[in-house]
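Undergrad: Make a model of this:
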Amino acid sequence: MTTLMAYADAISVRPGDTISFKVSCDGIASYSARIVRLLSPEAGPDAPPFRTEAVETPANGTYPGRAQPLRPGSWATVPSHELIGGLRSFSIAALIWPTLPGDGRQAIAGTWSDSQGRGFGLMLNEAGEAEFRLGSTVLRSGQALLARKWYFIAASYDAATGIATLHQDLLADRTMTVASSVSRQAAASGTAQRAAPLLFAAWHVADSDGLAGGLPLVGGCFNGKIERPRLANRALDRGALLALVGGTLPAALADAVVGSWDFSRGIETETIRDTSPNRLDGFTVNLPARAIRTQIASAVDLIIQIERMRDGVRRVSQISDICGMEGEVVTLNDVVSFEYEGENADGRIIGHYHTTGARPSFAARLSYFGLENAWMDALQSV
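TA: Okay, here's the model as predicted:
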């Protein structure tokens, strides 16, 4: 069977511009191409017959055919390094927001090679559960993840004891979902480490994808968001792992960190930055979305703005309810605002607080915890 697919890299061009045509052939040794002008591009029963007119150009001719496979999926990689390949005991952690848990196996982070069954990897299995693979050892959380919720997923391996541990925590958010935590342990056997690049949102299948660029062939691309991946050179407990993915690295864990990646750094480039002293920077493939704001918007209920006004006094100027996201924009709803009235004889600003009376987006949670009256009392006392 012969397959021929082609497309132009630009929708339209002007005289003097450059346009390229990408052609993939399967089953033929060569193909002919020519540039034509469309004279009757409209379709329909009342349209004139479709006609073309040849355009004389050096681009017309016969070209060798070659298959150029598409490699869908966005992922990132950190090149192989002795600090990664030399790990014996280790911990790996990340915050994830899956959109399609249960829709096939999906990689989160690791050196795992699915074709070789070697390395280590955090992932989701077919049932949508967190899974940790270390050679022939497979550790599952036993609890399917919910779609579009933030989770803390982490795993560790202690080479001295041979114990592998997996953690899966549903993080509290502004919905009625109750936070939950699952931990599993097992004795690991056949750990089969491999010195290889560290991949995010994909796992290794083969050393080459068959295309120019020298990239590996990957699989299991993750559907969702991954934030704050961390790698440590020792087995850490759950508390230390949670601290590791926090905003500020605890001093006690500084010497344990192999890599601490911040996907918001260098967002205008394809580089992913490691903020640890090791500087194990990597790069993205197929431009995954970065610097996700959803986690912040889903974790915070209110923003209290404090302003130093011109009389030198700090005052609460506004209290806003975070309603959610519209695309990549965080939407706010004002609850309380300070309204300026004037100044007294001493130059002090005079004003009052105005409540909008808007129903907060977390009203259901207030009701659930029996805090509706307390909320109303607080607003009336402003």
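
Undergrad: Which residue ranges of the stretch 1-150 of the chain form strands?
TA: Secondary structure of the stretch 1-150 of the chain by DSSP state E, counting those that start in this stretch: the strands cover 3-8, 21-26, 30-33, 36-38, 52-54, 61-64, 75-78, 90-98, 106-110, 120-124, 129-134, 137-144.

Undergrad: what's the second one packed up against?
TA: Helices and strands in packing contact with strand 21-26 are listed as strand 3-8, strand 30-33; criterion 3 or more C-beta pairs under 8 Å, 6 or more residues apart in numbering; DSSP states H and E. C-beta here means a position set from N, CA and C on the backbone, and glycine is covered the same way.

Undergrad: Which among those is found nearest to residue 352?
TA: strand 3-8 (62.2 Å; C-beta to C-beta).

Undergrad: What pairs with the closest one, parallel or antiparallel?
TA: The strands beside strand 3-8 in its sheet (DSSP bridges) come out as strand 21-26 (antiparallel).

Undergrad: Dump the strand it pairs with to PDB, restricted to CA.
TA: The C-alpha coordinates for strand 21-26 follow below in PDB (Å, rounded to 0.1, in the frame of the first residue of the first chain):
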ATOM      1  CA  PHE A  21       6.500  21.500   1.800                       C
ATOM      2  CA  LYS A  22       6.900  18.500   4.100                       C
ATOM      3  CA  VAL A  23       6.300  15.200   2.300                       C
ATOM      4  CA  SER A  24       6.200  11.700   3.700                       C
ATOM      5  CA  CYS A  25       6.000   8.700   1.400                       C
ATOM      6  CA  ASP A  26       5.600   5.100   2.300                       C
END
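
Undergrad: in it, what's buried?
TA: residue 25 (16 or more other C-beta atoms under 10 Å).

Undergrad: I'd like to know which helix or strand in the chain has the lowest mean pLDDT.
TA: The weakest-scoring helix or strand in the chain, judged by mean pLDDT, DSSP states H and E, is helix 294-299 (a mean of 58).

Undergrad: hang on, the earlier thing: closest to residue 273 out of the helices and strands packed on strand 21-26?
TA: Nearest of the helices and strands packed on strand 21-26 to residue 273, taken as C-beta to C-beta: strand 3-8 at 33.5 Å.

Undergrad: Name the surrounding residues that touch whichever strand in the chain runs longest.
TA: Longest among the strand segments of the chain by residue count, using DSSP state E, is strand 329-343. With contacts defined as C-beta atoms under 8 Å, 6 or more residues apart in numbering, strand 329-343 is touched by 293, 296-297, 302-303, 311, 315-325, 349-356, 358, 360-361, 379, 382.

Undergrad: Please apply the same query to stretch 271-278.
TA: So stretch 271-278 is contacted by 76, 78, 83, 200, 257-263, 265-266, 280-284 (C-beta under 8 Å, 6+ apart).

Undergrad: just to revisit the earlier point, helix or strand right after the longest strand of the chain?
TA: Proceeding N to C from strand 329-343, the next assigned helix or strand is strand 349-355, under DSSP states H and E.

Undergrad: what residue is smack in the middle of this structure?
TA: residue 225 (2.9 Å; C-alpha atoms, centre = their mean).

Undergrad: about what we covered before: okay if I get the helices and strands packed on strand 21-26 as a markdown table plus distance to residue 240, mean pLDDT and mean neighbour count?
TA: Formatted as a markdown table, the helices and strands packed on strand 21-26 follow (distance: least, C-beta to C-beta, whole Å; pLDDT from 0 to 100; neighbours: other C-beta atoms under 10 Å):
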| stretch | distance to residue 240 | mean pLDDT | mean neighbour count |
| --- | --- | --- | --- |
| strand 3-8 | 50 | 86 | 11 |
| strand 30-33 | 59 | 90 | 11 |
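
Undergrad: Compare these and give me the one nearest residue 189.
TA: Nearest to residue 189, of all these, is strand 3-8, at 45.3 Å by C-beta to C-beta.

Undergrad: Grab the nearest non-local neighbour of the residue nearest to the centre of the chain.
TA: Among residues not flanking residue 225 along the chain, residue 97 sits closest, at 4.0 Å (C-beta to C-beta, 6 or more residues apart in numbering).

Undergrad: where in the stretch 151-300 of the chain is pLDDT low?
TA: Within the stretch 151-300 of the chain, the ranges that satisfy pLDDT under 70 run 173-179, 192, 247, 289-299.

Undergrad: same thing but 90
TA: Within the stretch 151-300 of the chain, the ranges that satisfy pLDDT under 90 run 171-180, 189-195, 207-215, 246-254, 263-270, 286-300.

Undergrad: show me where the stretch 51-200 of the chain has helices.
TA: In the stretch 51-200 of the chain, the helices defined using DSSP state H, counting those that start in this stretch lie at 82-85.

Undergrad: Pull the number of nearby residues for residue 57.
TA: Residue crowding around residue 57 was assessed by other C-beta atoms under 10 Å; the count is 9.

Undergrad: Please list the residues outside stretch 313-323 that contact it.
TA: Counting by C-beta under 8 Å, 6+ apart, 174, 297, 300-309, 330-338, 348-349, 353, 358, 360-362 sit against stretch 313-323.

Undergrad: winner for burial among the strands of the stretch 1-150 of the chain?
TA: strand 106-110 (a mean of 27; mean count of other C-beta atoms under 10 Å).

Undergrad: Could you export that one as PDB, CA atoms only?
TA: Backbone C-alpha positions of strand 106-110 (Å, rounded to 0.1, in the frame of the first residue of the first chain) are rendered in PDB as follows:
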ATOM      1  CA  GLN A 106       1.200   7.100  31.200                       C
ATOM      2  CA  ALA A 107       4.700   8.200  32.400                       C
ATOM      3  CA  ILE A 108       5.400  10.800  35.000                       C
ATOM      4  CA  ALA A 109       9.200  10.800  35.500                       C
ATOM      5  CA  GLY A 110      12.200   8.500  35.600                       C
END
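
Undergrad: Run through who's touching that strand.
TA: If you take C-beta under 8 Å, 6+ apart as the criterion, strand 106-110 is touched by 75, 92, 94, 96, 98, 100, 119-124, 133, 153, 198-203, 219-224, 226, 229.
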